[in-house]
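# give me the fold of what follows.
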Amino acid sequence: MKNKMDRSLSIIGPFKKSQSKYWKQIYELRYNIAIVEQQISKQDEFDDSDNENCCYFVGFLCDELIATCRVENDSESTDGSVARIERVAVKKEYRSRGFGRNIIDAAEDYIRMQKKYKKITITSQLQASKFYAKLGYSQFGEIKIIIGIPHIEMIKLI
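Predicted coordinates for the structure are as follows:
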């Protein structure tokens with residue numbers, strides 16, 4: 001039996017979608033959270049950004065994929081100095097145990113190593129904005145309703 005209290009998350013990434021033997025597991029995790037749990041449409045969750053221009057991170061606890069996120073250039077950045085973390089997902093029964101922080105930390109480490117980025121943005125669901133604030137992100141802009149869910153832009157200078 002897996003010990004759900006074990007906090008040692010094994011993180012793999014970055015990797016491209018086409019290079020990933022984990023895509024099926026990423027898809028299943030995001031499907032269960034976005035489509036089943038949050039009632040988001042499949043078209044909205046699996047958008048055009050799931051392509052070779054972004055990279056992915058996954059977090060395993062024992063042999064179970066419990067966390068993922070993707071990283072790409074922020075398309076609104078005119079000089080390419082802004083990275084965007086998106087599609088952060090942690091399996092429901094593992095939330096509030098530090099695994100979300102672990103997957104974000106890995107993505108941020110990768111972004112910093114690229115040396116071209118000055119900022120990281122995240123479009124956070126409003127209910128998750130306190131989590132990102134604890135990681136050093138600040139809210140900016142107005143609350144927007146995206147796919148029926150309140151969101152706020154979050155930014156972190158690096």
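
# and the helix or strand harbouring N102, what does it pack onto?
Assigned by DSSP states H and E, N102 falls within helix 99-113. Other elements packing on helix 99-113 under the criterion 3 or more C-beta pairs under 8 Å, 6 or more residues apart in numbering; DSSP states H and E are strand 10-15, strand 55-61, strand 64-73, strand 82-90. C-betas here are computed from N, CA, C, even on glycine.

# okay, the helix or strand of the chain with the lowest mean pLDDT in CSV with CA atoms only?
Lowest mean confidence among the helices and strands of the chain (mean pLDDT, DSSP states H and E): helix 42-45, at a mean of 86. Extracted in CSV, the C-alpha atoms of helix 42-45 (Å, rounded to 0.1, in the frame of the first residue of the first chain):
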residue,chain,number,x,y,z
LYS,A,42,-12.5,19.3,-23.0
GLN,A,43,-11.8,21.9,-25.7
ASP,A,44,-11.0,24.6,-23.1
GLU,A,45,-8.7,22.4,-21.0
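
# buried sites along it?
Across helix 42-45, burial judged by 16 or more other C-beta atoms under 10 Å covers E45.

# contacts for it next, please.
Outside of helix 42-45, the residues within contact range by C-beta atoms under 8 Å, 6 or more residues apart in numbering are R30, Y31, A34, I35, R87, I147.

# and the fourth one, what does it touch?
Taking C-beta under 8 Å, 6+ apart as the contact definition, I35 lies against S41, K42, E45.

# between the contacts of helix 42-45, which is closest to K119?
R87 (18.8 Å; C-beta to C-beta).

# and the closest one, how many residues sit next to it?
Neighbourhood size, R87 [other C-beta atoms under 10 Å]: 21.

# with adjacent residues omitted, what lies nearest to it?
Spatial nearest neighbour of R87, chain neighbours left out: R70 (5.0 Å); criterion: C-beta to C-beta, 6 or more residues apart in numbering.

# for the one you found, grab the count of nearby residues.
For R70, using other C-beta under 10 Å, the count is 24.
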